[in-house]
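> Need coordinates for the below:
(one chain, ligands or ions: 1)
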Amino acid sequence: MRIRSVGVFPVVMRKTDPTWRFALGASPQSDGFLIRLVTDGQHEGIGYTTAVPHLDAPASRVLEDLRCLSRALAGASVPDVAELDLLPGCHQAKAGIDIALHDLAARERGVPLHRVLGAKVRDEVPLLRILALKAPEQVARIAAGLVAEGYRYLKIKLDGDLETDVARVRAVREAVGPSVHLTVDANQSYAAEGAIRAGERMQKDGIELFEQPVRIDDVDGLAAVSRALEVPVEADESAQSPDDIRRLIDRGAVDSVSLKLPKLGGLAKAKAAAEQCAAAGVRCRVGATVGSRLVAAAGLHFAAVTPNISYACELAEFARLQDDPAEGLEPERGVLRVPEGVGLGVRLRETQAVAT
Ligand SMILES: [Mg+2]
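Down below sits the predicted model:
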């Protein structure tokens, strides 16, 4: 079977809160790409990936890489996902193609995507929602709204201003009460010493994870924070590949790893990363990809078959975006059910053009 055509469709999704920001940037929109593979047997696979400017993957680069991959794939035999490594392109572009190839394989067999990935170990996944950088009282108000919608896990974005960060956590804890699970993500905004001081104070408000406290390349700092704090420390930006994860594990630098499909290069790479974590006794979970329900569904199928996902996953950030090209996936009381339709199990909206 050969790939007859590869369509790449830029997708701009507006944020309902255009002032949403985190320590590494702010944008009123999410830039993503819908990928449609069609085979000579008229089978189809849909994928999606996003630009990630703070990981050196702006929309222009991802689009250029997707075009490059499209030229390499058009007319070729359908590749095994492992062969994607041999082709040019950044992780984000390869992730979009990898998801489309998995969707294609599932649709050919007439099964949900999770059946292609492995044995399902859960039917639903608890969701963690992310709170943008704002003044403490604003963050607390938004947190209370999400809890009223049924979410039980919240992540507070930090910016390295220790007193304000501690105040953000305090304000959210006071607003949501003791039973809601809280985590924090500094997006590299601390040096190790400051992260330890901030973490010691935030632990008193019951945070359960401290994500990416220090710079992406500061493995020694990450290890020092992990050693000093009781709260588990999680790598996100520092863990962009199985090699990165191996280095972090070997150095004892992390307790947990955030797995994201675009960051790692797709489902096959995420699966390998999860297996590395399991072998090393390090926790993992699915981190946020701010984009369409298409990429959230792919993450959900992955979480469904990954036994060592040990904490709530960030799979509902689409809820704060408009203009999704897909529909058919909605959180209910803070969880997402694993789709049982064929392939990704979400539908393209009729208004989404996918002709090539
Ligand atoms: Mg993060």
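
> which bits of the protein sit near the ion?
Proximity of the chain to the ion is confined to 185, 236 under the rule Cβ under 5 Å from the ion. For glycine as for every other residue, the C-beta is placed from the backbone atoms N, C-alpha and C.

> centroid residue for the chain?
Nearest to the mean C-alpha position of the chain, by Cα atoms, centre = their mean, lies residue 288 at 3.0 Å.

> Run through the residues that contact the closest residue to that residue other than its chain neighbours.
Nearest non-adjacent residue to residue 288, counting by Cβ to Cβ, 6 or more residues apart in numbering: residue 314, 3.5 Å away. Counting by Cβ atoms under 8 Å, 6 or more residues apart in numbering, residue 314 touches 127, 128, 129, 130, 155, 285, 286, 287, 288.

> nearest to residue 332, of the residues you listed?
Lowest distance from residue 332 to these (Cβ to Cβ) belongs to residue 127, with 9.8 Å.

> That closest one and residue 151 touch, don't they?
Yes - counting by Cβ atoms under 8 Å, residue 151 is a contact partner of residue 127 at 6.3 Å.

> which neighbours do these two share?
In contact with both residue 127 and residue 151: 331, 334, using Cβ under 8 Å, 6+ apart.

> Per-residue pLDDT of residue 356, please?
Per-residue pLDDT puts residue 356 at 64.

> Could I get the contacting residues of residue 81?
98, 101, 102, 266, 267, 268 are the contacts of residue 81 under Cβ under 8 Å, 6+ apart.

> Could you do residue 207 as well?
Counting by Cβ under 8 Å, 6+ apart, residue 207 has contacts 169, 182, 183, 184, 199, 231.

> how far away is residue 296 from the ion?
Residue 296 sits 16 Å away from the ion, going by Cβ to the ion, to the nearest Å.

> which secondary structure element contains the residue lying closest to that residue once chain neighbours are set aside?
Spatial nearest neighbour of residue 296, chain neighbours left out: residue 315 (4.8 Å); criterion: Cβ to Cβ, 6+ apart. For residue 315, there is no host helix or strand (DSSP states H and E).

> Would you confirm that residue 315 contacts residue 125?
Yes - counting by Cβ under 8 Å, residue 315 does reach residue 125; the two are 6.4 Å apart.

> Neighbour count for the two, which is higher?
Between residue 315 and residue 125, counting by other Cβ atoms under 10 Å, residue 315 is the more crowded of the two (30 against 23).

> ok, of the contacts of residue 207, which one's closest to residue 216?
Using Cβ to Cβ, residue 184 is the member of these that lies nearest residue 216, at 17.3 Å.

> mind listing what the residue in the chain that the ion sits nearest to touches?
Going by Cβ to the ion, the ion is nearest to residue 236 of the chain, at 3.6 Å. Residues counted as contacts of residue 236 (Cβ under 8 Å, 6+ apart) are 185, 187, 211, 212, 257, 258, 260, 263, 287.

> for residue 150, same thing?
Residue 150 touches 331, 332, 333, 334, counting by Cβ under 8 Å, 6+ apart.

> again, but for residue 6
So residue 6 contacts 35, 36, 37, 69, 70, 73, 74, 97, 356 (Cβ under 8 Å, 6+ apart).

> Quick one, which of these are buried?
Applying 16 or more other Cβ atoms under 10 Å to the contacts of residue 6, the neighbour count classes 35, 36, 37, 69, 70, 73, 97 as buried.
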